[in-house]
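J.: With the input below, show me the fold.
(chains A and B)
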Number of protein chains: 2
Amino acid sequence: MSALKFEVTSQDGSARAGLLHTPHGAVQTPVFAPVGTQATVKALTPQQLEELGATLILANSYHLHLRPGDKLIADLGGLHQFMSWNHPILTDSGGFQVFSLAKRRHVDADGVTFQSHLDGSERRFTPESVIEIQENLGADIIMSLDECPQPYDREYNQAALQRTHAWAERSLAAKSRSDQALFGIVQGGVFPDLREQSAAFIASLDFPGIAIGGLSVGETPEEMHTMIETVNAVLPEDRPRYLMGVGAPNDLVECVLRGVDMFDCVLPTRMARNHTALTHLGRLNLRNSPFADDRRPIDDTCTCYTCRTFSRAYLRHLCVAKEMLAATLLSIHNVHSLTTLVGDLRQAISEARLQDFADEFLADYRKHRPPEI
Amino acid sequence: MSALKFEVTSQDGSARAGLLHTPHGAVQTPVFAPVGTQATVKALTPQQLEELGATLILANSYHLHLRPGDKLIADLGGLHQFMSWNHPILTDSGGFQVFSLAKRRHVDADGVTFQSHLDGSERRFTPESVIEIQENLGADIIMSLDECPQPYDREYNQAALQRTHAWAERSLAAKSRSDQALFGIVQGGVFPDLREQSAAFIASLDFPGIAIGGLSVGETPEEMHTMIETVNAVLPEDRPRYLMGVGAPNDLVECVLRGVDMFDCVLPTRMARNHTALTHLGRLNLRNSPFADDRRPIDDTCTCYTCRTFSRAYLRHLCVAKEMLAATLLSIHNVHSLTTLVGDLRQAISEARLQDFADEFLADYRKHRPPEI
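T.: Presented below is the predicted three-dimensional model:
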């Protein structure tokens, strides 16, 4: 009896298209989830996100636990009501932020102690406490606590994997809400045998979905692809596979080809704040001076509000003049690019022409030429 | 033969409701124009502005001349196309910014020399050059160069007034586009005789609309009201009267009562970026801690997207967490408050009950109590 039902509607090679049924509606997969770290996808209103075709968004437990506090959000009716997003939400466990953002952390078998990056206060996460935090937040999909180590230290990865596996079992035992789906996380660095072992163990537990963690953290693309192939060869076909923290267009294509169903990443909105637009011909830095008198939209094949309405010249002016609207308009374009891309991938899978679509997309994208200006 | 036609549709005491016909459509008056200094009303898309009922917006010639350059905007099709605002636009002359923002300025009979606040480069504005800048920008309503002195120095105000009047005549002579309406500006500090003299002189010239400048710059509310009454007693009834740089809700009410038709101000969007919401019961600083668990909207009588969708608790979280969405959502509320207020004033004028409306509004507003929390 899970809060989540996953339905594979078509397959094409290793790739799948499907439907993820949650208490807040169904999500078509493959899906890209924009990140709303502090209960807001930066610079976008929920109305704009809906218009962009976003269906699932991610929020960060670490940040919301520290500010404004998960108990306060629970008192206010939960995260959906708090941020006015009446569609599916996924929260992470906070583990990744402890290992990347927090100060002075210490891991032991039982959990991890760290200092808040906001005020230096000492905090502790255990598998049980992060379930409690996520039950307070009330997302549709929640994650078990894991440890995400540097990918190349085999000995450390082996030890961390034992903790991550023990924490996965404890997370399942701690979970009490029936309207949330808890995912387990596969780790193992760049080591195929550790990844296989982890995938088999996590798949043996009663998780309705499985995440692949610890990738896109410094390894090569080839290593990432090999790890995904290794893990997905072991994972059962009837459960959704979620690749955490990946969102570059070429990565979405490569990983959907290899059987991934779900993605999240700060990339489209962070790049927008850094004045970079994602296009099917690579990235455009809108601050560049040749755009100063460029009447064309960012991408003349794009149908987003920004491309329908504004020239590169205007967008460059907003970037140079440090106007907030630059972040909003580029976030609209970048999120639209990724929601459109996963839609195109779904379509290609359902028409059994994914490999052709991918070959063409990646050939264009790899040219990575500075677009004609 | 003017690009602008003004039609008074009803009168109530000194107040008027009307229609301002421009090449980009008609504007109902009294009207409040949000300010888009750098060709963007900060944190809002044109689509959001339309939904908020904004009809006329103001852009700053000084800023756009310096960056990205008025000639570039002309090459790109003019300001309407550049910023994608297909409704009326008003540009100021840049004079006010020279006297408030620029470094090391020197005024002479012919114009004003100053240093750009952006890069220190030496620049010069004359009545003719600011007409050229505004013809490049292409707004529907443009302003003659004026000097806005400190309001209490009589001798300086007298000398400045002579320059402003001479510049008004030169502006009219310099104007060449027939699709723009040029307004003259009344100055004169806090001195009724200077204000009368200025109103009579400016009204004697062939301006289709007249602005009242040099108010809301440090004088008392009583002085401001007296100056408006003095000037409006002289100005002809058939031309629109534009009070520059005024936008506090109580000021809109007081000045519409005294016969003003048009307003602009950065107040709603600047306050939004400072986390302050305008309500009919005064101002709310959303950072205040009592709002942390407040489930109510900013103003439960307001119908804007922000008030329909979000709690004070969520807005406070966005402010405290320094999220850009705070500025967007508070700008939506604040601009909506002012467009709604001028709509209510229009309605009250057309129903000949403005004084009652104003008495009630100002009594509520003056209580200025910290709203119940």
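
J.: Near residue A:104, how many other residues are there?
T.: 9 (other CB atoms under 10 Å in any protein chain shown). For every residue, glycine as well, the C-beta is placed using N, CA and C.

J.: what pLDDT does it get?
T.: We have a pLDDT of 87 for residue A:104.

J.: same question, residue A:368
T.: pLDDT, residue A:368: 63.

J.: Over to residue A:3?
T.: You'll see residue A:3 listed with a pLDDT of 87.

J.: Pull the contacting residues for it.
T.: By CB atoms under 8 Å, 6 or more residues apart in numbering or on different chains, residue A:3 lies in contact with A:22-23, A:140, A:178-181, A:208.

J.: rerun at 10 Å
T.: With contacts taken as CB atoms under 10 Å, 6 or more residues apart in numbering or on different chains, residue A:3 has the following neighbours: A:21-23, A:140-142, A:177-182, A:208.

J.: Please apply the same query to residue A:60.
T.: Residue A:60 touches A:35-39, A:66, A:91-94, A:96-97, A:101, A:137, A:266, counting by CB under 10 Å, 6+ apart.

J.: And those residues, which is closest to residue A:168?
T.: Residue A:168 has its nearest neighbour among the contacts of residue A:60 in residue A:93, at 10.4 Å by CB to CB.

J.: so that closest one sits in a strand?
T.: No: secondary structure of residue A:93, determined by DSSP: H, G, I helix; E, B strand; the rest coil: coil, with no strand assignment.

J.: In this structure it contacts residue A:170, no?
T.: No: Residue A:93 is not in contact with residue A:170 according to CB atoms under 10 Å; the separation is 11.9 Å.

J.: Put together CSV for the contacts of residue A:3, with distance to residue B:2 and secondary structure on each row.
T.: CSV is the format used below for these (distance: CB to CB, whole Å; DSSP: H, G, I helix; E, B strand; the rest coil):
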residue, distance to residue B:2, secondary structure
A:21, 63, strand
A:22, 60, strand
A:23, 61, coil
A:140, 60, coil
A:141, 62, strand
A:142, 65, strand
A:177, 68, coil
A:178, 71, coil
A:179, 65, coil
A:180, 65, coil
A:181, 66, strand
A:182, 70, strand
A:208, 70, coil
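
J.: Filter those residues down to the buried ones.
T.: Using 16 or more other CB atoms under 10 Å in any protein chain shown as the burial test, the contacts of residue A:3 include A:21-22, A:140-142, A:180-182, A:208 as buried.

J.: could I get those residues as JSON lines with distance to chain B and pLDDT?
T.: Shown next, in JSON lines, are these (distance: CB to the nearest CB, whole Å; pLDDT from 0 to 100):
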{"residue": "A:21", "distance to chain B": "26", "pLDDT": "98"}
{"residue": "A:22", "distance to chain B": "22", "pLDDT": "98"}
{"residue": "A:140", "distance to chain B": "19", "pLDDT": "98"}
{"residue": "A:141", "distance to chain B": "22", "pLDDT": "98"}
{"residue": "A:142", "distance to chain B": "21", "pLDDT": "98"}
{"residue": "A:180", "distance to chain B": "21", "pLDDT": "98"}
{"residue": "A:181", "distance to chain B": "25", "pLDDT": "98"}
{"residue": "A:182", "distance to chain B": "26", "pLDDT": "98"}
{"residue": "A:208", "distance to chain B": "30", "pLDDT": "98"}
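
J.: returning to that earlier point: which one of the contacts of residue A:60 is nearest residue A:7?
T.: Using CB to CB, these come closest to residue A:7 at residue A:91, 23.0 Å.

J.: wait, what's in contact with the closest one?
T.: By CB under 10 Å, 6+ apart, the contact set of residue A:91 is A:58-62, A:64-65, A:70, A:79, A:130, A:133-143, A:180.

J.: what do you get for residue A:269?
T.: Counting by CB under 10 Å, 6+ apart, residue A:269 has contacts A:34-37, A:41-44, A:247, A:327-328, A:330-332, A:334-335.

J.: between those residues, which is nearest chain B?
T.: Comparing the contacts of residue A:269 against chain B with CB to the nearest CB picks out residue A:43 as the nearest, at 4.7 Å.
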